[in-house]
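# Next input, structure requested:
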Amino acid sequence: MLGTQFTTGSPNWIDLGSPDTEAAAAFYGAVFGWEFQSAGPDAGGYGFFQQDGKTVGALGPLTEEGAHSAWTVYFQTPDADATQKAAADAGGTVRVPAFDVMDAGRMACLTDPGGAEFAVWQPTAVKGLERTSSTNTLVWAELHVTDPESVLGFYRTLFGWRWAEMEAPGMTYRVISTAEGDQEDASFGGVAERQGDKSHWVPYFAVQDADAISRSAQGNGGSVLMPAADIPDVGRIAWLADPFGATFAVLKPAPMG
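As a prediction, this is how the structure comes out:
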């Protein structure tokens, strides 16, 4: 389960790049009740999505040329420069070389060999998200890619990830875990064969009512990409997009036990 005691390879940050940060903040505020807190005058419009004063994500303007609005999942690394080199050596692409974010940490923006974009975060002052796996916070990270096995090998080179196969309707799903600890307890996401024309990471947010959140997203200018549906032993899931096309998913987890 995704927590906030991050180890190497844990998803430790998510942020949204948007062409209209004010409108995006209003949308997620309406749907999830998040408040937007600016990171300050030197942050270039970047700021934090917060719940009860705890950071649950971040938002900033689009900075890469040709970029479209999207959520980016960051994974913890003890050395962003070394991970960047390992990614390039293993067939990935370095989109933005490692750089320091003031005193918060060091990051790099990368693309895996399957074409999915992600980032790495080497924390200093900012350790990562302050709340996860509770209502309206990040609970799961899912990769959709054409060739799961080869791309997982790439991530294992970077982070030492482990995975376990699980048969799902019409597909083999791979549950991924960090290198440390009990494999089931350390699971934080999954990999599915790509449906559509683009490989990408999708953040899942835990919700109390996937149908109500879907209606709220639509009512506030977003769209429903996959209507809420029950997944046995997992919960009720919907795929949504914000008004600028950034994809995310929501999950009402199935009762435990």
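# How many neighbouring residues does the closest residue to Phe32 other than its chain neighbours have?
Take Phe32 and drop its neighbours on the chain: the residue closest to it by CB to CB, 6 or more residues apart in numbering is Asn136, 4.2 Å away. Any C-beta I mention is one placed from the backbone N, CA and C, and that applies to glycine too. Here the count is done by other CB atoms under 10 Å, and Asn136 has 20 residues near it.
# Gly115 is in contact with Trp201, correct?
No. Between Trp201 and Gly115 no contact is recorded; they are 11.0 Å apart, counting by CB atoms under 8 Å.
# Looking at those two, which has the bigger crowd around it?
When neighbours are counted by other CB under 10 Å, Trp201 comes out ahead of the other of Trp201 and Gly115, with 25 against 14.
# before we move on, back to that, the residue nearest to Phe32 - that's part of a strand, no?
No. Per DSSP: H, G, I helix; E, B strand; the rest coil, Asn136 lies outside any strand segment and is coil.
# Would you map the helices across the chain?
21-32, 80-89, 148-159, 210-219 (DSSP state H).
# Just put the ones you listed in CSV and tack on distance to Ala119 and mean pLDDT.
Below are the helices of the chain laid out as CSV (distance: least, CB to CB, whole Å; pLDDT from 0 to 100):
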stretch, distance to Ala119, mean pLDDT
helix 21-32, 18, 97
helix 80-89, 9, 98
helix 148-159, 12, 96
helix 210-219, 25, 98
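# Nearest residue to Ala43 in space, ignoring adjacent ones along the chain?
The spatial neighbour of Ala43 that comes closest, neighbours along the chain excluded (CB to CB, 6+ apart), is Gly60 at 7.7 Å.
# That neighbour: how many residues sit nearby?
The number of residues packed near Gly60 is 19, by other CB under 10 Å.
# Would you enumerate the residues in contact with it?
When contacts are counted by CB atoms under 8 Å, 6 or more residues apart in numbering, Gly60 touches Asp15, Leu16, Gly17, Ser18, Thr21, Ala43, Gly44, Gly45, Tyr46, Gly47.
# Please apply the same query to Asp230.
Arg236.
# Quick check: it vs Ala254, distance?
8 Å (CB to CB, to the nearest Å).
# Also Ser18?
Separation of Ser18 from Ala254 (CB to CB) stands at 32 Å.
# Looking at the two, which is more packed in?
Ser18 (26 against 13).
# I'd like to know how many residues surround the closest residue to that one other than its chain neighbours.
The shortest distance from Ser18 to any non-neighbouring residue, by CB to CB, 6+ apart, is to Ala24 (4.0 Å). Ala24 has 23 neighbouring residues, counting by other CB under 10 Å.
# Hmm, Phe154 and Gly91 touching each other?
Yes. Using CB under 8 Å as the test, Gly91 is close enough to Phe154 to be in contact (6.4 Å).
# Buried by neighbour count: which residues of the worst-scoring helix or strand of the chain on mean pLDDT qualify?
Taking mean pLDDT, DSSP states H and E as the measure, the helix or strand of the chain with the lowest value is strand 162-168, at a mean of 90. Burial within strand 162-168, assessed by neighbour count using 16 or more other CB atoms under 10 Å, is assigned to Arg162, Trp163.
# Give me the residues contacting it.
Outside strand 162-168, the residues that touch it by CB under 8 Å, 6+ apart are 152, 156, 172-179, 183, 186, 191-192, 231.
# for those, which one is nearest Asp211?
The shortest distance between Asp211 and any of these, using CB to CB, involves Ile231 and amounts to 14.3 Å.
# how about that closest one, what does it touch?
Under the criterion of CB under 8 Å, 6+ apart, the neighbours of Ile231 are Ala168, Ile237.
# what's the answer for Ala186, then?
Contact analysis of Ala186 by CB under 8 Å, 6+ apart lists Thr7, Arg162, Ser177, Thr178, Ala179, Glu180.
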